[in-house]
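*Asks:* Predicted structure and sequence below. I'll ask about it afterward.
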Amino acid sequence: MRKIVVFFVAGIISLQLHSQNIPESAVPAPAKETLKAIFQEVMVGVAKVKWQKENNYFKGSVITDNKPAFAVVDSAGKVQRLETPINVSALTPQAMGYINSQYDEPEVIEVYKILDNKGTETYRVKIASKAMFTKKGEFIKQPKIIKTTPE
């Protein structure tokens, strides 16, 4: 159990080092203008932007339909990545077929459409899985992630 707690804390610390919240005043004007224009155009009615710095990039996030949406730009305002939440029903039958073939009883939590700076569109799908542990923290059951095939 102690190892699990240490692993969890280490994960949180690494996430904090990767992306840091920053005030709007720390965002260069070209980056700020680009992000605000994106959010006004794509997500009408969104007013409050949360700012973060990811390595050399600036990430703006807003809440739309109770889910976060993201845009990442460089200091000159060039868009690097857009991530917008979409409905599960927007996934292609091929994608859903793959998910259903690879995961036992998949529960899709969220789906994001990602558009990178080269115009490549991809989708990020978060799938819930569960793991079982004893009271002592010993692992009992493999998470329901990959389906096993008989040999």
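*Replies:* Okay, I see it. Residues are numbered from 1 along each chain as shown.
*Asks:* all contacts plus neighbour counts: C-alpha atoms, from now on.
*Replies:* Fine.
*Asks:* show me where this structure has strands.
*Replies:* Assigned by DSSP state E, the chain shows strands spanning 19-21, 50-54, 57-64, 67-73, 79-86, 107-116, 121-128, 132-133, 139-141.
*Asks:* which residues are contacting the fourth one?
*Replies:* This points to strand 67-73. With CA atoms under 8 Å, 6 or more residues apart in numbering as the test, strand 67-73 has contacts from 31, 34-35, 38, 57-63, 79-85.
*Asks:* buried residues in it?
*Replies:* Neighbour-count burial for strand 67-73, with 16 or more other CA atoms under 10 Å as criterion, is recorded at 69-73.
*Asks:* Give me the sheet partners of that strand and which way each runs.
*Replies:* Strand 67-73 has the following sheet partners, assigned by DSSP bridges: strand 57-64 (antiparallel), strand 79-86 (antiparallel).
*Asks:* Tell me which of those is the most buried.
*Replies:* Mean neighbour counts were compared across those using mean count of other CA atoms under 10 Å; the top stretch is strand 57-64, at a mean of 22.
*Asks:* Just want the angle from that one to strand 50-54.
*Replies:* On the basis of axes from the mean of the first three to the mean of the last three CA atoms, to 10 degrees, strand 57-64 is oriented at 150 degrees to strand 50-54.
*Asks:* Would you mind pulling the contact partners of strand 57-64?
*Replies:* By CA under 8 Å, 6+ apart, the residues outside strand 57-64 that reach it are 27, 31, 35, 39, 43, 46, 48-53, 68-75.
*Asks:* And for stretch 79-99?
*Replies:* So stretch 79-99 is in contact with 34, 67-74, 106, 108, 110-117, going by CA under 8 Å, 6+ apart.
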